[in-house]
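Visitor: Provided below for reference: sequence and predicted model.
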Amino acid sequence: MTEPTLQMASVSSGLAKRHKAEKRFRFMALASVLLGLIFLAVLFINVLTSGADAIRQSKVRLDINLQTNDFGGSKNPDIQQLKNANYQGIIKRTVYKNFPDVKSRRDKRALYRLVSSGAAYELRGFVLDNPSKIGTSISIWLTASDDVDMIMKGKVSRTASSDLRRLSDQQMGWLEKLETEGNLETKFNWTLFSSGDSREPELAGVAAAMVGSLYSIIVCLIISFPLGVMAALYLESFAPKNRFTSFIEVNINNLAAVPSIVFGLLGLAVFLNFFELPRSAPLVGGMVLSLMTMPTIIIAGRVAIQGVPPSIKEAALAVGASPVQAVFHHVLPLAMPGVLTGTIIGTARALGETAPLLMIGMVAFVVDVPKSILDPATALPVQVYLWSDMPEKGFAERTSAAILVLLAFVGLMNLTAVLLRKKFEIRW
Amino acid sequence: MEVNPIEKMADKLMSSENIEKLQLPEANNKAGLSQVDLGAKMVTHDLKVSYGKKAALLGVSLGIRENEVTSLIGPSGCGKSTYIRCLNRMNDTIDGCRVEGSVLLDGNDIYDVNRDVVQLRTKVGMVFQKPNPFPKSIYENVAYGPRIHGMAKHKDELDGIVMGSLERAGILDEVRDRLDSPGTSLSGGQQQRLCIARAIAVRPDVILMDEPCSALDPIATGRIEELITELKAQYTIVIVTHSMQQARRLSDKTAYFHLGSIVEYGPTEEIFENPLDDRTADYVLGRIG
């Protein structure tokens, strides 16, 4: 009689200990999840708050009189005259007219500096689009300089002593006059999404980087997805199990762990120096990134293919499907959700990759938005890196904005992947 | 040049077409095994199979007659499944599997290098232990085989094949109004009958069944057994089973496998009533498991 009770006692005393251990584990697991979430939240809030300002940009409204003399005297000037007109002069004239008491050369220059140096190009673009407006008076919003922008957004205090500001007291006076007259406002910053890089923060945009990233990823996917899936299928379904295939397997696993800059060096040596492909081009960027992505796709693909019950393949073979038909009609579609997950993980990593792109010249200062995969381009993470290095205050918020664009890109890709996976997923 | 004497003799006999049975010179001198029925639908001669270094079949000779149900019984690991998988070359998919000897279907060696496996498998269909419908609609499950073989010229013809196969598999009435729902939504027994419908949709001559009822309850098993008895009229059926009663109820011939060879083969009645070998007797009478 004593034995079973003794045993019960030892079990129940152990039970309390076990319950405690269970609780402790649960608490720690929850704590680590929460800690991760907190870090993520801090990161997001930080980037969002500093990047949010970049989507607005200060603009100055000017009532400009487009005199026919400015365009060679004719009411219908030819295209050359339109292109070569002195737009800077027109803007200067208009600004000076608004502040008639500004007389000295130095003050005039300080006054003009409130407007961005890109304003002349904006006016030129407007006139080229609307040549009929010549000879009339127009009211146009032109980009203000980044110094004005920083004051407007409160990044630089208006009350700070003048040696802490980049604008003098006199310029501050003009700024406030423009503001009270309603001629200085912050508006949606289209430039950020429509133009390439610039030395001036107010003129800089992520378009070149965005398009460059997009092209690179497309090239990367076109190369690595079919190759990766084929390799996974071959290794999993067709390859004989021998030393050679296990050697290949080991190497693919190693390849996935190679530092990305090494792939950049390979790209430089092989694609640029040997095949003489264009430097800084998204084509080469995509090729280098595909080298990096492919092992990930192969590994994830193989796991996904292994997860398909062999009975399905046997069923297909038993009704007379050839091995290739069995694999393509049944195994691959069932493995697709897993393959897509691997592909997304690989491409998301490739999208955020800077190091291999440094090697093949995609760190260029690219002003023009690339029109093809052979044009010089840069990529979003590279743009983030470049802007983070700039001294102007305006670039700080734009760096965050570029990070947000990059995150949105990754988010969009994940969303596509989730939708595709839903489409392929089959409930058993 | 070395020619297998059995094959040589077999060829001769096949051509003369007047003798049905052949005396095997070196066959196991056990009951029923000295004679292999050469007029049978499928004949195996001295079939040896090994997985890597491990031998699974040590030389099995057997004739499987047309329009009969042949049961293969025996303890686990005796080679029944290996044997049945040789009959439509499913063992080809296993790495390191080596097959020696010959398997004849209508007198032609299915392991001949010129033999197309795809064509073979349309002649010899298979139903597996666990129901394995494709995760597609019921219709697609059955239509897949005919479609990849181009058996139907247009939709109506394919519909005909699918409906006919479901009908013959005795499942049409249960699924008629839900052909578009997934095959995996059916119950286990229905899934297995769907798999049988899928197998007969490509119009095979022989249907191999590897423990088709082992995952099913007695009622579903009963339905499958009924179905097998019906199908016997049109097909040659080989079934591996662990259930002695099932073998007895269903089959015309029974072969008892033990450690990679056939110990005894003959009409089911005889195997169960008067087994000649002690090992068979022990097994069928339930003295060993």
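Guide: Alright, I've got the coordinates. The model shown is predicted, which means the values in this text are computed figures rather than measured ones.
Visitor: per-residue pLDDT of residue A:325, please?
Guide: Note on residue A:325: pLDDT of 92.
Visitor: what about the closest residue in space to it that isn't next to it in sequence, neighbour count?
Guide: Among residues not flanking residue A:325 along the chain, residue B:148 sits closest, at 5.9 Å (CB to CB, 6 or more residues apart in numbering or on different chains). Every residue, glycine included, has its C-beta placed from N, CA and C. Using other CB atoms under 10 Å in any protein chain shown, residue B:148 has 19 other residues around it.
Visitor: residue B:164 now?
Guide: Using other CB under 10 Å: residue B:164 sits among 16 other residues.
Visitor: sketch out the low-pLDDT regions of the chain for me.
Guide: Unless you meant another one, I'm taking chain A. A:1-4, A:426-428 (pLDDT under 70).
Visitor: that's the wrong chain, I meant chain B
Guide: In chain B, residues with pLDDT under 70: B:1-39, B:288-289.
Visitor: residue contacts, the residue nearest to residue A:325?
Guide: A:319-321, A:325, A:329 (CB atoms under 8 Å, 6 or more residues apart in numbering or on different chains).
Visitor: of those residues, which is the most crowded?
Guide: residue A:319 (28 neighbours).
Visitor: once you drop chain neighbours, what's closest to that residue?
Guide: Here the residue nearest residue A:319, using CB to CB, 6+ apart, is residue B:145, at 3.7 Å.
Visitor: immediately after the helix or strand where that neighbour lies, which helix or strand?
Guide: Assigned by DSSP states H and E, residue B:145 falls within helix B:138-148. On the C-terminal side of helix B:138-148, the nearest following helix or strand under DSSP H and E is helix B:155-168.
Visitor: got the contact list for that following helix?
Guide: B:138-139, B:142-143, B:146-147, B:151-152, B:172, B:175, B:179, B:194, B:197-198, B:200-201, B:230-231, B:234.
Visitor: and the lengthiest strand in chain A, what's buried?
Guide: Identified as the longest strand of chain A according to DSSP state E is strand A:56-65. Neighbour counts over strand A:56-65 (16 or more other CB atoms under 10 Å in any protein chain shown) mark A:56-62, A:64 as buried.
Visitor: for chain A, see how far away the most centrally placed residue in chain B is.
Guide: Centrality entry for chain B: nearest residue to the mean C-alpha point is residue B:208, 2.5 Å, by CA atoms, centre = their mean. The gap separating residue B:208 from chain A is 8 Å, by CB to the nearest CB, to the nearest Å.
Visitor: on the three-state scheme, that residue is what?
Guide: Following DSSP: H, G, I helix; E, B strand; the rest coil, we place residue B:208 in the strand state.
Visitor: tell me who's in contact with it.
Guide: So residue B:208 contacts B:84-85, B:87-88, B:124-127, B:237-239 (CB under 8 Å, 6+ apart).
Visitor: columns neighbour count, secondary structure and distance to residue A:199 on top of those residues, output as CSV?
Guide: Output for those, formatted as CSV (neighbours: other CB atoms under 10 Å in any protein chain shown; DSSP: H, G, I helix; E, B strand; the rest coil; distance: CB to CB, whole Å):
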residue, neighbour count, secondary structure, distance to residue A:199
B:84, 21, helix, 78
B:85, 24, helix, 73
B:87, 22, coil, 78
B:88, 28, coil, 74
B:124, 26, strand, 76
B:125, 26, strand, 74
B:126, 25, strand, 73
B:127, 26, strand, 74
B:237, 23, strand, 83
B:238, 28, strand, 82
B:239, 27, strand, 82
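Visitor: how about the residues you listed, which pair is most distant?
Guide: For the contacts of residue B:208, the farthest-apart pair by CB to CB is B:85 and B:237; their separation is 15.5 Å.
Visitor: that older thread, list of residues touching the longest strand of chain A?
Guide: A:90-91, A:94-95, A:98, A:114-115, A:119, A:123, A:136-144, A:148-149, A:152-153, A:178, A:182-189, A:191-192, A:202.
Visitor: PyMOL command to pick out the buried ones of the residues you listed?
Guide: Of the contacts of strand A:56-65, the buried ones go into a single PyMOL selection, burial set by 16+ other CB under 10 Å:
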select buried, chain A and resi 90+91+94+95+98+114+115+119+123+140+141+142+143+144+148+149+152+153+178+183+184+185+189+191+192+202
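Visitor: which ones among the contacts of strand A:56-65 lie within strands?
Guide: Going by DSSP E, the strands hold A:137-143, A:184-188 from these.
Visitor: report the two of the contacts of residue B:148 separated the most.
Guide: A:320 and A:329 (12.1 Å).
Visitor: leaving out the residues flanking it, which one is nearest to residue 66?
Guide: You didn't pick a chain, so chain A it is. Nearest one to residue A:66, counting by CB to CB, 6+ apart, is residue A:134 at 5.1 Å.
Visitor: oops, I was thinking of chain B
Guide: Per CB to CB, 6+ apart, closest to residue B:66 is residue B:41, 4.2 Å.
Visitor: gap between the one you found and residue A:152?
Guide: 92 Å (CB to CB, to the nearest Å).
Visitor: just the strands in the stretch 201-350 of chain A please.
Guide: Applying DSSP state E, counting those that start in this stretch to the stretch 201-350 of chain A gives no strands.
Visitor: could you do the stretch 101-250 of chain B as well?
Guide: Using DSSP E, counting those that start in this stretch, strands in the stretch 101-250 of chain B cover B:108-109, B:124-127, B:206-210, B:236-240.
Visitor: ok, the residue nearest to residue A:66 touching residue A:73?
Guide: No: applying CB atoms under 8 Å, one finds residue A:134 not in contact with residue A:73, separated by 10.6 Å.
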